[in-house]
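[1] model this:
(one chain, ligands or ions: 1)
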Amino acid sequence: MERLLIRGGRPLEGEIRISGAKNAALPVMAATLLADGPMTVGNIPHLHDITTTMELLGRMGVGLTVHERMQVEVDASTIESFRAPYELVKTMRASILVLGPLLARFGRAEVSLPGGCAIGSRPVNLHVDGLRAMGAEIVIEDGYIKGRAKRLRGARLRMDVSTVTGTENLMMAAALAEGTTIIENAAQEPEVADLAHCLMRMGAYLEGVGTSTLVIEGVERLNGIEYQVLPDRIETGTYLTAAAMCGGRVKLKDTHPGLLEAVIGKLRECGAAIDTGEDWIELTMVGRPRAVDIDTAPYPGFPTDMQAQFCALDAISDGTGKVVENVFENRFMHCLEMQRMGADIHIDGHTAHIRGVDRLTAAPVMATDLRASASLVLAGLVADGETRVDRIYHIDRGYECIEEKLAQLGADIRRLPE
Ligand code: UD1
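    Next up, the predicted model:
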């Protein structure tokens, strides 16, 4: 298995480009199933999860052409299978995003249940309940969600919990349903809004984009268009946090500061100076960061996908930080690995109490999920000695060229082949 070797202790200096958002690219690629004609999706990051999505669509018979700079052309007119098999869904839960589009456009779908994952139970009951309320007949059989529908009907859907992919699935289904769908307590994440913008460009009628109430007036058909997905706010936040930990000055280009105000606010609180323009962010850090308290929450709150990176930051900060995880159960696996690097962390239920230490020390550590692995890389960047991060396939699911980008900023990091 490939691994990363990181020799810590260097400040970060320089400029890098931020990739397109994985969590926007995945639903937009699923939305191509709704289009009557070919669609081209641009600013797609080159990541394992994208390859998995392409494999999923390809196995259904969907035509795929990859153009220069990861512009992907998708033509769903050749579709012949409506099944998302277990072996793909188990590597990427977001495969569930094909459920709504398949039912809405083709009236049938078989999608494997995702099963457990390293950060908690992560059910998909709200996706299924919403589609049932829109008239789909759904049974759970042999580990699969098996659905049939004539034309879906608009419905009033009240989401008990704010769910990102749940909102996206139902929004895509509603776009081709008959009548009006209202989604209450809809997720407000920028990636949900990005999908909504894409659907509107395809000819869908949506109101309330970016708010917690979405009103969708179904149409009979949607057009194939060209669409560029928005920049990755979590990748942006990860590199900013790295620079706040290592010290130095980094400029991130092709990103959007408005997407991560909660994160930028916390980085300022820890002592970083941050300048922003329309599509760039520059962070300067002198001296040691101050520990900050974090409470994760759905957008516009502090993102759960940045929690692990801030645990790494607090681990080497001045003072004590309290990190509360409110979105997922069991999302502190990275803390156990950081403890092996000398971090002083006490976990109590959903809260991590982190007392900053002067130095972390290198150790072999193991990535357990995508963001946890990013936090271990950040810890390695400031640790004394050479840190080895194993199981980095998790990182390759969500960070494009992480070692190249960090090396460009002056970090001593390299990938060891299998
Ligand atoms: C998405 C993101 C992921 C991020 C998460 C929270 C993608 C591809 N992934 O994941 O990176 O960490 O949002 O911001 O966009 N829930 C239910 N029933 C459901 C669905 C969800 O109870 O049917 C609960 C979950 O267990 C969790 C909470 O809702 O506690 C939020 O999960 P959700 O927003 O659905 O996460 P994902 O969409 O899977």
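
[2] Around the ligand, pick out the residues from the chain.
    The interface of the chain toward the ligand, taken as CB under 6 Å from any ligand atom, is made up of 23, 26, 93-94, 122-127, 161, 163-166, 187, 191, 304-305, 327-328. Any C-beta I mention is one placed from the backbone N, CA and C, and that applies to glycine too.

[3] Only the buried subset of these, as a PyMOL command please.
    Buried members of the residues of the chain next to the ligand, identified by 16 or more other CB atoms under 10 Å, are gathered into one PyMOL selection as follows:
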select buried, resi 23+26+93+94+122+124+126+127+163+164+165+166+187+191+304+305+327+328
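
[4] Which of the residues of the chain next to the ligand fall in helices?
    Secondary structure defined by DSSP state H assigns 23, 26, 125-127, 164-166, 191 of these to helices.

[5] got the phi/psi numbers for Ser162?
    Main-chain torsions, Ser162, degrees, to the nearest 10: phi -70, psi 120.

[6] Could you measure from it over to Ala367?
    27 Å (CB to CB, to the nearest Å).

[7] Neighbour count for those two, which is higher?
    Ala367 (26 against 20; other CB atoms under 10 Å).

[8] Could you verify my assumption that that one touches His394?
    Yes - the criterion here is CB atoms under 8 Å, and Ala367 meets it with His394 at 4.4 Å.

[9] Now for those two: what residues contact both?
    Contact with both Ala367 and His394 is made by residues Ser373, according to CB atoms under 8 Å, 6 or more residues apart in numbering.

[10] Quick one: residues contacting His46.
    Applying CB under 8 Å, 6+ apart, the residues contacting His46 are 19, 70, 400-401.

[11] What's the first helix or strand after the helix or strand containing Asp194?
    Per DSSP states H and E, Asp194 falls inside helix 190-202. Following helix 190-202 in sequence order, the next helix or strand is strand 205-207 (DSSP H and E).

[12] Output the contacting helices and strands for that next one.
    Contacts defined by 3 or more CB pairs under 8 Å, 6 or more residues apart in numbering; DSSP states H and E place strand 205-207 against helix 190-202, strand 213-217.

[13] Dump the ones you listed into CSV; add mean pLDDT as well.
    Formatted as CSV, the helices and strands packed on strand 205-207 follow (pLDDT from 0 to 100):
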stretch, mean pLDDT
helix 190-202, 98
strand 213-217, 98
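
[14] Most tightly packed of the ones you listed?
    helix 190-202 (a mean of 23; mean count of other CB atoms under 10 Å).

[15] how near is the residue nearest to Ile145 when sequence neighbours are not counted to Ala155?
    In space, and not counting its chain neighbours, Ile145 is closest to Val111: 4.9 Å by CB to CB, 6 or more residues apart in numbering. Remark: distance between Val111 and Ala155 (CB to CB) = 20 Å.

[16] The two: who's more crowded?
    Val111 (29 against 20).

[17] for the stretch 1-150 of the chain, what spans make up the strands?
    3-7, 12-17, 39-42, 63-67, 71-75, 83-84, 108-112, 137-141, 144-148 (DSSP state E, counting those that start in this stretch).

[18] so what does the helix or strand following the last one touch, helix or strand wise?
    Yep, that's strand 144-148 we're talking about. Tracing the chain past strand 144-148, the next element assigned as helix or strand by DSSP H and E is strand 156-158. When contacts are defined as 3+ CB pairs under 8 Å, 6+ apart, strand 156-158 packs onto helix 125-133, strand 180-184.

[19] any chance of these in a markdown table, plus mean pLDDT and distance to Glu220?
    As requested, those are exported to a markdown table (pLDDT from 0 to 100; distance: least, CB to CB, whole Å):
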| stretch | mean pLDDT | distance to Glu220 |
| --- | --- | --- |
| helix 125-133 | 96 | 19 |
| strand 180-184 | 98 | 14 |
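
[20] Check the contact between Pro298 and Ala186; I expect there is one.
    No - here Pro298 does not reach Ala186: they are 10.1 Å apart, not a contact under CB under 8 Å.

[21] overlap in contacts of the two?
    Common neighbours of Pro298 and Ala186 (CB under 8 Å, 6+ apart) are Ser162.

[22] Which of those two has more residues huddled nearby?
    Ala186 (28 against 19).

[23] how close does that one sit to Thr211?
    With CB to CB as the criterion, Ala186 and Thr211 are 8 Å apart.

[24] If you drop the residues flanking it in sequence, what lies closest to Gly58?
    Per CB to CB, 6+ apart, closest to Gly58 is Leu64, 5.6 Å.

[25] Neighbours of the one you found, how many?
    15.

[26] For it, which residues are in contact?
    Contacts of Leu64 (CB under 8 Å, 6+ apart): 54, 57-58, 72-75.

[27] could these go into TSV alongside pLDDT?
    Formatted as TSV, these follow (pLDDT from 0 to 100):
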residue	pLDDT
Met54	96
Leu57	97
Gly58	97
Val72	97
Glu73	97
Val74	97
Asp75	97
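
[28] Which entries within those meet the buried criterion?
    Counted by 16+ other CB under 10 Å, the contacts of Leu64 give 54, 57, 72-75 as buried.

[29] Tell me who's in contact with Lys322.
    Lys322 touches 293-294, 351-354, counting by CB under 8 Å, 6+ apart.

[30] now swap in Val365 and tell me
    337-338, 340-341, 376, 379-380, 387-390.

[31] Ala196: which of the residues you listed is nearest?
    Leu376 (34.4 Å; CB to CB).

[32] mind listing what the closest one touches?
    312, 334, 337-338, 365, 367, 387, 389.

[33] Endpoints of stretch 313-325, how far apart?
    16 Å (CA to CA, to the nearest Å).

[34] Can you list the buried residues in it?
    313-317, 321, 323, 325.

[35] what about stretch 350-359, how long is it end to end?
    Terminal-residue distance, stretch 350-359 (CA to CA): 26 Å.

[36] Give me the buried stretch members for it, please.
    Buried-residue list, stretch 350-359, by 16+ other CB under 10 Å: 350, 352, 354, 356.

[37] quick one: contacts of that stretch?
    With CB under 8 Å, 6+ apart, stretch 350-359 has contacts from 291, 311, 314-326, 329, 332, 335, 342-347, 382-384.

[38] again, only this time at 7 Å
    The contact list for stretch 350-359, computed with CB atoms under 7 Å, 6 or more residues apart in numbering, reads 291, 311, 314-326, 332, 335, 342-346, 384.

[39] I'd like to know which of the residues you listed are part of strands.
    320-324, 344-346 (DSSP state E).
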